[in-house]
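J.: Here is my input; please provide its structure:
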Amino acid sequence: MTSDVYPPWIVLHVPHDSTTVPADVRSQFLLDDAELGRELDRMTDHLTLAIFSDPSSETVVVSSTVSRLVVDVERFPNDIDEPMAARGMGAIYTATSHLTPLRRRLLKDEREWLMQDYYHPHHARLEEAVTMAVDRYGRCLVIDCHSFPSVALPYEMADPSKPRPDICIGTDDFHTSEALAAAFVSAFRLEGWSVSLDDPFPGALVPASRYREDGRVEAVMVEVNRRLYLQEGDATPLPAFSETAERIRRCCRIASSTI
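T.: Modelled structure (predicted):
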């Protein structure tokens, strides 16, 4: 398998790249336009679709059509199962990155409408992509594609003075083998970047139907420090963006091709 392309059993999951807030959802937010813009700058995993997905390849990509401030497709659908719900950041956010109010109180039907329009269709697409890979190749690796700010935001409940790595590799103790995690850590370190495992963010996503049930479905999360490719104040790409993106894709291709 060459490192020029992703293996065919790869599914790229890009949940937080979008900045889209539909007009019929905008009225739910308590922030004015300037405040909402700043919150989108802070919370969006800017350009992760462009970083991880090579438009010249046929790799399957499942990306969210709306901002995570509208619906966070990475969260568990029920707040009782989602640890971040305690900070107002379940599937439907009620708090900002600074733990101030984001949304007005929603009616039950409004929450369900958001889930039906955005959350469930996204996961149906992910389920379909993973099933297709397993049926064709007997396996699937979901690469969960993210970025993170160079300084911890208040909602993270982390020390903002603590240095952060260039790359974080997130794992799941069922769906991420030690060999898979080691391959991703090694690939990025060989590229010259500092790498941490499950720090500052742990975990890796698979479809709910396969979660802790199907060992043929593997998962790894790749989190890129935004300082590597963005001016974080206004989310403007750095001049070396294209080169950095290609290096990140190369690391992912090499790591996933060795397992």
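J.: ok, which stretches of the stretch 151-259 of the chain are strands?
T.: For the stretch 151-259 of the chain, applying DSSP state E, counting those that start in this stretch gives strands covering 167-170, 195-197, 217-225, 230-231, 236-237.
J.: To Pro7, which of these lies closest?
T.: Nearest to Pro7, of all these, is strand 217-225, at 11.3 Å by Cβ to Cβ. All C-beta atoms are positioned from the backbone trio N, CA, C, and that covers glycine.
J.: What pairs with the closest one, parallel or antiparallel?
T.: strand 140-148 (parallel), strand 167-170 (antiparallel) (DSSP bridges).
J.: could the strands of the stretch 151-259 of the chain go into a markdown table alongside mean neighbour count, mean pLDDT and distance to His98?
T.: Formatted as a markdown table, the strands of the stretch 151-259 of the chain follow (neighbours: other Cβ atoms under 10 Å; pLDDT from 0 to 100; distance: least, Cβ to Cβ, whole Å):
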| stretch | mean neighbour count | mean pLDDT | distance to His98 |
| --- | --- | --- | --- |
| strand 167-170 | 25 | 98 | 22 |
| strand 195-197 | 17 | 98 | 25 |
| strand 217-225 | 24 | 98 | 20 |
| strand 230-231 | 16 | 96 | 20 |
| strand 236-237 | 14 | 96 | 22 |
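J.: Nearest to Gly138, out of those?
T.: Among the strands of the stretch 151-259 of the chain, the nearest to Gly138 by Cβ to Cβ is strand 217-225 (10.8 Å).
J.: Quick check: Pro77 touching Ile92?
T.: No. Using Cβ atoms under 8 Å as the test, Pro77 is too far from Ile92 to be in contact (9.7 Å).
J.: Between those two, point out the one with more neighbours.
T.: Ile92 (25 against 16; other Cβ atoms under 10 Å).
J.: Identify the residue spatially nearest to Ile51, adjacent ones excluded.
T.: The shortest distance from Ile51 to any residue other than its chain neighbours is 4.4 Å, reached at Ala245 (Cβ to Cβ, 6 or more residues apart in numbering).
J.: The residue with the largest distance to the centre of the chain: what's it in contact with?
T.: Farthest-out residue of the chain from its mean C-alpha position, per Cα atoms, centre = their mean: Leu107, at 27.8 Å. By Cβ atoms under 8 Å, 6 or more residues apart in numbering, no residues touch Leu107.
J.: what is in contact with Pro77 and Ile92 at once?
T.: Met115.
J.: which regions of the stretch 1-150 of the chain sit below the pLDDT cut-off?
T.: Across the stretch 1-150 of the chain, the ranges flagged by pLDDT under 70 are 1-3.
J.: where do the helices sit along it?
T.: 23-26, 33-43, 48-52, 108-114, 120-137 (DSSP state H, counting those that start in this stretch).
J.: Enumerate the positions of the longest one that are buried.
T.: Taking 16 or more other Cβ atoms under 10 Å as the basis for neighbour counts, the residues of helix 120-137 that come out buried are 122-123, 125-127, 129-130, 133-134.
J.: Count the neighbours of the nearest residue to Met157 once chain neighbours are set aside for me.
T.: Spatial nearest neighbour of Met157, chain neighbours left out: Arg87 (7.6 Å); criterion: Cβ to Cβ, 6+ apart. If you count neighbours by other Cβ under 10 Å, Arg87 ends up with 17.
J.: The one 4 residues further on now?
T.: Look at Ala91: counted by other Cβ under 10 Å, it has 23 neighbours.
J.: Look up how far Ile167 lies from it.
T.: Computed as Cβ to Cβ, to the nearest Å, the Ala91 to Ile167 distance reads 27 Å.
J.: now swap in His16 and tell me
T.: 16 Å.
J.: cool, Thr44 as well?
T.: Following Cβ to Cβ, the distance that separates Thr44 from Ile167 is 19 Å.
J.: hmm, back to that, hang on, the residue nearest to Met157 packs against Tyr155?
T.: Yes. Counting by Cβ under 8 Å, Arg87 does reach Tyr155; the two are 5.5 Å apart.
J.: what residues are shared contacts of those two?
T.: Residues touching both Arg87 and Tyr155 (Cβ under 8 Å, 6+ apart) are 95, 99.
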